[in-house]
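Student: Below is the structure, and that's it, no one-letter string:
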């Protein structure tokens, strides 16, 4: 959990539209992409074959899985957002409107 100060729920409502915090940068290197591919069993060449991705895609190399980037939000949240006072846990219950609009090339930071 975040070691930031806890805030009451109303304090979050009062800060809609404000920056609350910033996490560290995460390097999206080929090692991280390959490890994610193993976990989720998605070995599509655009993720795990740098030479083929360079020659057969417009991406000029491999790109991260969209769900890899999305999954890093948990770590970013713990670093950047204060805890909600009085709550002991949270549950991710799904997505409303998630789109992957821009590929994240291997070697990027998010």
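Tutor: That came through fine. Predicted, not measured: the structure shown is a model, and the values here were computed from it. Numbers count the residues shown, from 1 in each chain.
Student: Does anything pack onto the longest helix belonging to the chain? Which helices or strands?
Tutor: In the chain, assigned by DSSP state H, the helix with the most residues is helix 30-40. On a contact count with 3 or more C-beta pairs under 8 Å, 6 or more residues apart in numbering; DSSP states H and E, helix 30-40 meets helix 45-48, helix 66-71. C-beta: built from backbone N, CA, C; applies to glycine.
Student: and it, how far out from the chain's middle?
Tutor: Distance, stretch centre to chain centre, for helix 30-40: 14 Å (C-alpha atoms, centre = their mean, to the nearest Å).
Student: ok, and what's touching that helix?
Tutor: If you take C-beta atoms under 8 Å, 6 or more residues apart in numbering as the criterion, helix 30-40 is touched by 42-43, 47-48, 50, 62, 64-65, 67-68, 71, 106-107.
Student: What are the buried residues along it?
Tutor: Residues of helix 30-40 classed as buried under the neighbour-count rule (16 or more other C-beta atoms under 10 Å) are 33, 36, 37.
Student: Let me see the mean pLDDT of that helix.
Tutor: In this model, helix 30-40 has a mean pLDDT of 98.
Student: now do stretch 92-110
Tutor: The pLDDT scores in stretch 92-110 average 93.
Student: now swap in stretch 46-57 and tell me
Tutor: Mean per-residue pLDDT for stretch 46-57: 98.
Student: Can you give me the neighbour number for the nearest residue to residue 46 once chain neighbours are set aside?
Tutor: Of all residues beyond its chain neighbours, the one nearest residue 46 is residue 53 (5.2 Å), with distances taken as C-beta to C-beta, 6 or more residues apart in numbering. For residue 53, the number of neighbouring residues by other C-beta atoms under 10 Å comes to 21.
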